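>>> just the structure for this:
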Amino acid sequence: MSKTLRMLIWLAVALLGALALATVALHRGEQINAMWLVVAAACSYALGYRFYSKFIAAKLLTLDALRATPAERLDNGRDFVPTNKWVVFGHHFAAIAGPGPLVGPVLAAQFGYLPGTLWILAGAVFGGCVQDFVVLLFSVRRDGKSLTEIARDEIGRLGGLVAYVAVISIIVILLAVCALVVVNALKASPWGTFTIAMTIPIALLMGVYLRTLRPGKVLETSALGFVLVMLAIWGGQWVSQTESVAHWFTFSGPALAILIIIYGFAASALPVWLLLAPRDYLSTFVKLGTITMLALGIVALRPTLHMPPLTRFIDGSGPVFAGNVFPFAFITIACGAISGFHALISSGTTPKLIRRETEARMVGYGAMLAESMVAIMAMIAACVLQPGIYFAINSPAGIVGQAPEAAAATISNWGFPITAAEMHALAQSVGEQTLYNRTGGAPAFAVGMAHIFSNSLGGQALMAIWYHFAIMFEALFILTVLDAGTRVGRFMVQDALGHIWKPLGRTSWYPSILATSALIVAAWGYFLWQGVKDPLGGINSLWPLFGIANQLLATVALCVATTIVIKMGKARYAAVTLGPLAWLVAVTFTASWHKIFDPNPRIGFLSHAAQLASGAGANARLIFNDRLDAVVTGTLIVMVTLILIESAVEWLRVLSGRKQARVKESPFVATRFAEEQG
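All right, here's what the predicted structure looks like:
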């Protein structure tokens, strides 16, 4: 293809993307169809990957196809394993794509489709993808070290210590929240439980098949895995409809919590090629396959976005959650735009699997673009619903009322007409008793997804099947975050204990693997167990910190990345990481201030605690939870501030010439894969 033709094609993509974005951003009055969001996203992602990621790879990171990666140099058959790039992509995408890109956009849709959509597109291309890409490459060049170890080496001992305490605290909160979401999604759901349980033996078979039986046969293994996982989905439906079998896969919350804790330990301790990587790769088939079908359904049907671009709730009075569009839309939508958890995967499991440095661009930048498309699909699924239905599903009973008639009247008074009869008919069509007050985002996403699929595949008769498929689909997203996150936590614990006794820091020493896996699983498992047993205890008490904690983690990651960029002598390109860092500091610090001190009891922890304390029959446990959340939020902000200050001091020292710019990379070793094309 000639250079002129290529330029014309990319010019056409840019013009189409600009038209789609202008339609999404500027259209007022008549409703638009969802296809414009898909086109705007596809064009933005194509341009971002082709031009911006290539600029970063060439000018900022200077990817070296001749340099051996830690997967090659430190190959131990357990954690460091040179792996096919498509399997690594599948693992990385599955590990980062958790509940966030599905749930966050659905909740933020209360502001209208416009704020969330623009944040997802811009946040991913200029923030999230950049973070994942640069952190991954920096970890690859440092023997696959964790983010906290890199912070210690590049920022300083104090910054490293504070980063370790902050990051390990945040990861325990994130993993416990994800585990509780899985428990709630699979509780009394034999279809979901069976299908997800079957992905484990299928993954074990794929791991053995690819490593021992048919080494290197990725397409063959992929075809086998795809057929088996489709059978598992079909089998899950059969199980759910067969009473004599369904009870074997119907578990209570505590039973599921125990099973998930056991699975988390196994995923952390077993060799990465045996369970974690193939299971994540397998999950990617379902995830990307479903999202692709959803996108094709949207393009084919062109469903109307019934939610307006901006709603009356941008002023902070929203029923789904309180708070102004800034900063709370940007805290609510993390995964899909930029998420700190991704930095842990990019400096945890993935850098230990990559065979070539040049593959970091596709895996780091590309997988995040795929996740961002998931977030766009979630936004569409929420906004194709009638607004009255959306608010009836997502608004808590304390806001709209307990009785169906009262809730319908309240929502109709907001200007979004809905009747109790409509909600009852919708609930029956998806096989539920009621859809009122199903907060959390997941049920609304499932209803929207079922609505799109039923109109394109099977009609209304299959609405219930698509709804339950969507619930299983969400649980599959979340569980892959849990297993990879646990392994990353294990690496961090090993890194820390290695400073006390060197053998504990060796990722290849099995006693250390078992001990540190047990420690990290015990940490999040405790909060999960308490949360399952007590609706006010355990992780339930820390749940409100999920969004802020995740974005604070991204702030730490971008601090570390900016420090390395400046010390590499690439200060002229520092805006690549400094820009999203500055934005996240503004968002997270503003949101944290509001969550601690805002006088609105629906926003501020302390004001809500004061309101509870002044009322009759005050609930001491809820008051304690609010005060605990305020203290934890304040503590995390103080720790991140210390990291910011020490990082800024380091930047000034290097830029002023008072300190020699020197990064602590592993020595160059030539790769034996040099003959392969990068």
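>>> please list all residues in contact with Met35.
298-299, 302 (C-beta atoms under 8 Å, 6 or more residues apart in numbering). For glycine as for every other residue, the C-beta is placed from the backbone atoms N, C-alpha and C.
>>> may I see the buried residues of stretch 521-528?
521, 523-525, 527-528 (16 or more other C-beta atoms under 10 Å).
>>> of those residues, which belong to helices?
521, 523-525, 527-528 (DSSP state H).
>>> now list the buried members of the contacts of Met35.
Judged by 16+ other C-beta under 10 Å, buried ones among the contacts of Met35: Ile298.
>>> would you reformat the contacts of Met35 as TSV and include secondary structure and distance to Leu8?
Below are the contacts of Met35 laid out as TSV (DSSP: H, G, I helix; E, B strand; the rest coil; distance: C-beta to C-beta, whole Å):
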residue	secondary structure	distance to Leu8
Ile298	helix	27
Val299	helix	23
Arg302	coil	27
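>>> after the helix-or-strand element of the chain with minimal mean pLDDT, which helix or strand is next? Please name it.
Lowest on mean pLDDT, DSSP states H and E among the helices and strands of the chain sits helix 539-542, with a mean of 67. Downstream of helix 539-542, the first helix or strand assigned by DSSP states H and E is helix 546-567.
>>> right, and Ala269 touches Leu514 too?
Yes - if you go by C-beta atoms under 8 Å, Ala269 and Leu514 touch, sitting 5.8 Å apart.
>>> where does the stretch 501-650 of the chain dip in pLDDT?
536-541, 543, 616-618 (pLDDT under 70).
>>> ranges for the helices of it?
510-533, 539-542, 546-567, 575-597, 605-614, 620-656 (DSSP state H, counting those that start in this stretch).
>>> show residues contacting stretch 309-322.
24-25, 27-28, 107, 110-115, 323-325, 328, 332, 387, 391, 394-396, 399-400, 414-415, 439, 600, 602-603.
>>> so of those, which ones are in helices?
24-25, 107, 113-115, 325, 328, 332, 387, 391, 394, 399-400.
>>> could you identify the buried members of those?
Buried among these by 16+ other C-beta under 10 Å: 24, 107, 113-115, 325, 328, 332, 387, 391, 394, 399-400.
>>> between these, which sits nearest Ser240?
Asn394 (25.6 Å; C-beta to C-beta).
>>> more neighbours: which of Ala269 and Leu514?
A side-by-side neighbour count of Ala269 and Leu514, using other C-beta atoms under 10 Å, places Ala269 first with 20 against 14.
>>> count residues in the vicinity of the residue lying closest to that one once chain neighbours are set aside, would you?
Closest residue to Ala269 apart from its sequence neighbours, by C-beta to C-beta, 6 or more residues apart in numbering: Ser517 at 4.5 Å. For Ser517, the count of nearby residues is 23 (other C-beta under 10 Å).
>>> what's the pLDDT at Pro327?
Per-residue pLDDT puts Pro327 at 93.
>>> ok, now the one 5 residues further on?
In this model, Thr332 is scored at 90, pLDDT.
>>> hmm, it is touching Ala108, no?
Yes - judged on C-beta under 8 Å, Thr332 makes contact with Ala108 at a distance of 4.6 Å.
>>> what residues are shared contacts of these two?
Joint contacts of Thr332 and Ala108 (C-beta under 8 Å, 6+ apart) do not exist.
>>> dump the residue contacts of the residue nearest to Ala269.
265, 268-269, 486, 490.
>>> ok, back up a step: which one of the buried ones among the ones in helices among the contacts of stretch 309-322 sits closest to Val638?
Checking those one by one against Val638 (C-beta to C-beta), the nearest turns out to be Phe328, at 21.6 Å.
>>> and stretch 181-195, end to end?
Here the two ends of stretch 181-195 are set 17 Å apart, with distance taken as C-alpha to C-alpha, to the nearest Å.
>>> in it, what's buried?
For stretch 181-195, using 16+ other C-beta under 10 Å, the buried residues are 181-187, 189-195.
>>> can you classify Ile478 by secondary structure?
helix (DSSP: H, G, I helix; E, B strand; the rest coil).
>>> distance to Pro351 added to the buried ones among the ones in helices among the contacts of stretch 309-322, as TSV?
Formatted as TSV, those follow (distance: C-beta to C-beta, whole Å):
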residue	distance to Pro351
Val24	36
Leu107	32
Tyr113	36
Leu114	37
Pro115	34
Val325	36
Phe328	33
Thr332	29
Pro387	44
Phe391	43
Asn394	38
Ile399	45
Val400	47
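>>> which among these gets closest to Ala496?
Thr332 (31.8 Å).
>>> need the contact list for the closest one.
104, 107-108, 321, 547.
>>> for stretch 412-428, buried residues please.
Those would be 414, 416, 418-420, 423, 426-427, for stretch 412-428 by 16+ other C-beta under 10 Å.
>>> next one: stretch 445-452
For stretch 445-452, by 16+ other C-beta under 10 Å, it's 445-452.
>>> repeat for stretch 488-499
Result for stretch 488-499 [16+ other C-beta under 10 Å]: buried residues 488-498.
>>> try stretch 575-593
Applying 16+ other C-beta under 10 Å to stretch 575-593 flags 576-578, 580-581, 583-585, 587-592 as buried.
>>> need these in JSON lines with distance to Ala406, can you?
Below are the buried residues of stretch 575-593 laid out as JSON lines (distance: C-beta to C-beta, whole Å):
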{"residue": "Val576", "distance to Ala406": "52"}
{"residue": "Thr577", "distance to Ala406": "50"}
{"residue": "Leu578", "distance to Ala406": "50"}
{"residue": "Pro580", "distance to Ala406": "44"}
{"residue": "Leu581", "distance to Ala406": "46"}
{"residue": "Trp583", "distance to Ala406": "41"}
{"residue": "Leu584", "distance to Ala406": "40"}
{"residue": "Val585", "distance to Ala406": "43"}
{"residue": "Val587", "distance to Ala406": "36"}
{"residue": "Thr588", "distance to Ala406": "37"}
{"residue": "Phe589", "distance to Ala406": "39"}
{"residue": "Thr590", "distance to Ala406": "35"}
{"residue": "Ala591", "distance to Ala406": "32"}
{"residue": "Ser592", "distance to Ala406": "35"}
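>>> many thanks, have a good one.
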